[in-house]
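Student: need a 3D model of the following:
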Amino acid sequence: MRNPHSNGNLPKQEEGRESAVENGFYGDGVILGLDGGATSTVCVCVPFLPYGDRFPDPIPILGRAVAGCTNRNSVGETAAKDSLEQVISEALVQSGSDKSHVRGVCLGVSGVNHPSDQEMVQNWIRDMFPSHVKVYVQNDAIVALASGTMGKLHGCVLIAGTGCIAYGFDEDGREARASGAGPILGDWGSGYGISAQALTAVIRAHDGRGPETMLTSTILKALGLSSPDELIGWTYADPSWARIAALVPQVVSCAEAGDEISDKILVDAADDLALSVKAVVQRLGLCGKDGTASFPVVMVGGVLNANMKWDIGKEVSKRINKHFPGAQTIIPKVEPAVGAALLAMNFLTVKNDVS
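Tutor: Numbers count the residues shown, from 1 in each chain. Sure, this is the predicted structure:
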């Protein structure tokens, strides 16, 4: 699915560099922001902008690079580390900066669920930079939230792409999450979860355990296979999350064509995603005592922003607003990697204000 925030083409980067030079941004150094998901990883280099709430629009992008998955639970530690180092180095090269210009690095990486995960990733990256460079490691959901709130950590974010997670912060800094444990542990609103259920429906229809479904012919055609029996070999030849999740458009097209099995898979996915947001909101009390308080819900990911007739994002938003009329759903204007950079700036600015 196309990234709606793909602001990384060369002409715009050249414009970003020219703007940065004209405004004297380079003198304050640069910030690296990274968003590492289960499908791909994006790193951007932006000028350090200690403006608080007065960030320029658009944010100047000095360099942008893309690499593969950096979730070690999906691809292993070696591949994840190599991809992180590669994408950071490429973003710096594209920006025309070197490591001495870097003020801070914020990495939002899927699969970072515990302080030990943060420490591991920090150790991978720490030696890449001089000692003065601040390195922050967060779950990718946190930088996705920051992309919709311009670097502020308040409200709730829902990510639904290859994987899914809901994460939130209240005004006191308390945090809560729901989902995000991976497809084996029930993330059925994710792209992987939707597609895995569709593949299961095809196999069940083929062997007589389930009803016939349009998914059979649609998926076999998309994969160039001639029989459901061949799905077994296709699936286990490479069960990577992104490869399975890529079948979501086929599920949506079947639902749009009236296939009941596909429709149920998507309805259940929308219910599950909304339930994840509900769990976070209630645990943090974001809706207030009467349930009507206003708070942002940032919506990120290809499953939510696919812009198809059967609109999963719209269905999830309806369910959220039914529970919480004060919820303000936000589609970010910048990609999560830029959110990571804004978050790093806010961390650095707060630290400097305190000191």
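Student: now the element after the longest helix seen in the chain, going C-ward?
Tutor: For the chain, the helix that runs over the most residues, judged by DSSP state H, is helix 260-284. For helix 260-284, the following helix or strand on the C-terminal side (DSSP states H and E) is strand 295-300.
Student: list the neighbouring strands of that following strand plus their orientation.
Tutor: strand 155-160 (parallel), strand 327-330 (parallel) (DSSP bridges).
Student: out of those strands, which comes closest to residue 347?
Tutor: Closest of these to residue 347 is strand 155-160, at 17.5 Å (criterion: CB to CB). (Glycine included, C-beta is placed from N, CA and C.)
Student: other residues contacting that closest one?
Tutor: Strand 155-160 is contacted from outside by 140-142, 144-145, 148-149, 164-169, 189-191, 273, 276-277, 280-281, 284, 286, 295-304, 312, 316, using CB atoms under 8 Å, 6 or more residues apart in numbering.
Student: now the strands paired with strand 295-300 in JSON lines, with distance to residue 87?
Tutor: Listed next are the strands paired with strand 295-300 as JSON lines, based on distance: least, CB to CB, whole Å:
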{"stretch": "strand 155-160", "distance to residue 87": "19"}
{"stretch": "strand 327-330", "distance to residue 87": "26"}
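Student: can you say which of these is nearest to residue 241?
Tutor: It's strand 155-160; of the strands paired with strand 295-300, that one is closest to residue 241 (CB to CB) at 13.0 Å.
Student: tell me the mean pLDDT for the closest one?
Tutor: For strand 155-160, the per-residue pLDDT values average out at 96.
Student: mind giving me the packing neighbours of the very next helix or strand once past it?
Tutor: Toward the C-terminal end, the helix or strand that comes next after strand 155-160 (DSSP H and E) is strand 164-169. Applying 3 or more CB pairs under 8 Å, 6 or more residues apart in numbering; DSSP states H and E, one finds that strand 164-169 makes contact with helix 140-149, strand 155-160, strand 175-179, helix 260-284.
Student: can you put these in CSV and add mean neighbour count and distance to residue 321?
Tutor: Output for the helices and strands packed on strand 164-169, formatted as CSV (neighbours: other CB atoms under 10 Å; distance: least, CB to CB, whole Å):
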stretch, mean neighbour count, distance to residue 321
helix 140-149, 28, 17
strand 155-160, 31, 13
strand 175-179, 21, 18
helix 260-284, 21, 10
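Student: need those in JSON lines (columns: distance to residue 253).
Tutor: Shown next, in JSON lines, are the helices and strands packed on strand 164-169 (distance: least, CB to CB, whole Å):
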{"stretch": "helix 140-149", "distance to residue 253": "27"}
{"stretch": "strand 155-160", "distance to residue 253": "18"}
{"stretch": "strand 175-179", "distance to residue 253": "25"}
{"stretch": "helix 260-284", "distance to residue 253": "8"}
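Student: among these, which is nearest residue 349?
Tutor: Nearest of the helices and strands packed on strand 164-169 to residue 349, taken as CB to CB: helix 140-149 at 13.5 Å.
Student: what does the closest one rub up against?
Tutor: Contact with helix 140-149 is made by 33-37, 106, 108-110, 112, 152-153, 155-157, 159, 165-169, 177, 180, 296, 298-300, 330-332, 334-340, 342-343, as judged by CB under 8 Å, 6+ apart.
Student: please apply the same query to stretch 199-206.
Tutor: With CB under 8 Å, 6+ apart as the test, stretch 199-206 has contacts from 210-213, 215-216, 219-220, 228-229, 231-232, 235, 244, 247, 261, 265.
Student: just the buried subset of the residues you listed, written out for ChimeraX, thanks.
Tutor: Those of the contacts of stretch 199-206 that count as buried under 16 or more other CB atoms under 10 Å are selected in ChimeraX with:
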select :213,215,216,219,220,228,231,244,247,261,265
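Student: helices - which of the contacts of stretch 199-206 land there?
Tutor: Short answer: the contacts of stretch 199-206 in helices (DSSP H) are 215-216, 219-220, 229, 231-232, 235, 244, 261, 265.
Student: adding pLDDT and distance to residue 94 as columns, could you present those residues in TSV?
Tutor: Listed next are the ones in helices among the contacts of stretch 199-206 as TSV, based on pLDDT from 0 to 100; distance: CB to CB, whole Å:
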residue	pLDDT	distance to residue 94
215	98	41
216	98	45
219	98	38
220	98	41
229	96	47
231	97	41
232	95	43
235	95	37
244	94	32
261	98	45
265	98	40
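Student: looking at these, which is nearest residue 102?
Tutor: Using CB to CB, the shortest approach to residue 102 within the ones in helices among the contacts of stretch 199-206 belongs to residue 244, at 36.4 Å.
Student: mean confidence for stretch 276-296?
Tutor: For stretch 276-296, mean pLDDT rounds to 96.
Student: cool, and stretch 44-52?
Tutor: Averaged over stretch 44-52, pLDDT sits at 84.
Student: now that stretch, how far from the chain's geometric center?
Tutor: How far stretch 44-52 lies from its chain's middle: 21 Å, per CA atoms, centre = their mean, to the nearest Å.
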